[in-house]
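Engineer: sequence first, then the predicted structure, then my questions.
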Amino acid sequence: EVQLVESGGGLVQAGGSLRLSCAVSGFTFDDYAIGWFRQAPGKEREGVSCISVNDGSTYHADSVKGRFTISSDNAKDTVYLQMNSLKPEDTAIYYCAFLHTTVPLTTLSEDEYHYWGQGTQVTVSS
């Protein structure tokens, strides 16, 4: 079974940076995509960024475009979310999620994702 483990969250001042990691295990091939989602207190979960490990294509939500970068290290089965110029409104629990796809696919539709990590807290102070 696919397992995802997030790490790298923490407390940072506005304008600072963090890098989140999502380690993938239980899946042998590179036919998958990883999405990063976040949920702030009292708000619905929203999609942030995704990458199709098949071909490296990426997509970022408008709210983080230009500040966040998603990448993958296939040798380490790990996907990263580099977050720069952080704002207090980026404060949330960040989750990574996995979907199996035999064709390159970038989507932030939660229903497409089959497995989810436990989440990592990101807090940005003003």
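Structural biologist: That came in fine, so what should we check first?

Engineer: ok, Asp111 - contacts?
Structural biologist: Neighbour list for Asp111: empty [criterion: C-beta atoms under 8 Å, 6 or more residues apart in numbering]. In this view, the C-beta of every residue, glycine as well, is placed from N, C-alpha and C.

Engineer: that one belongs to a strand, doesn't it?
Structural biologist: No. Asp111: not assigned to a strand; according to DSSP: H, G, I helix; E, B strand; the rest coil it is helix.

Engineer: distance of it from Asp73?
Structural biologist: 27 Å (C-beta to C-beta, to the nearest Å).

Engineer: just say helix, strand or coil for the most centrally placed residue in the chain.
Structural biologist: Central residue of the chain (C-alpha atoms, centre = their mean): Trp36, 2.4 Å from the mean position. Per three-state DSSP, the local secondary structure of Trp36 is strand.

Engineer: and Ala33, that one's in a strand?
Structural biologist: Yes. Applying three-state DSSP, one finds Ala33 inside a strand.

Engineer: burial check on the closest residue to it other than its chain neighbours, number of neighbours?
Structural biologist: What sits nearest to Ala33 in space, not counting adjacent residues and going by C-beta to C-beta, 6 or more residues apart in numbering, is Ser52, at 4.6 Å. Using other C-beta atoms under 10 Å, Ser52 has 23 other residues around it.

Engineer: next, work out how far apart Ser52 and Gln39 are.
Structural biologist: The gap separating Ser52 from Gln39 is 23 Å, by C-beta to C-beta.

Engineer: how far away is the residue nearest to the centre of the chain from Glu110?
Structural biologist: Distance of Trp36 to Glu110, given as C-beta to C-beta: 12 Å.

Engineer: so what sits against both of those two?
Structural biologist: The contact lists of Trp36 and Glu110 share 47, 97, where a contact means C-beta under 8 Å, 6+ apart.

Engineer: quick check: Thr123 touching Gly10?
Structural biologist: Yes. Counting by C-beta atoms under 8 Å, Gly10 is a contact partner of Thr123 at 7.3 Å.
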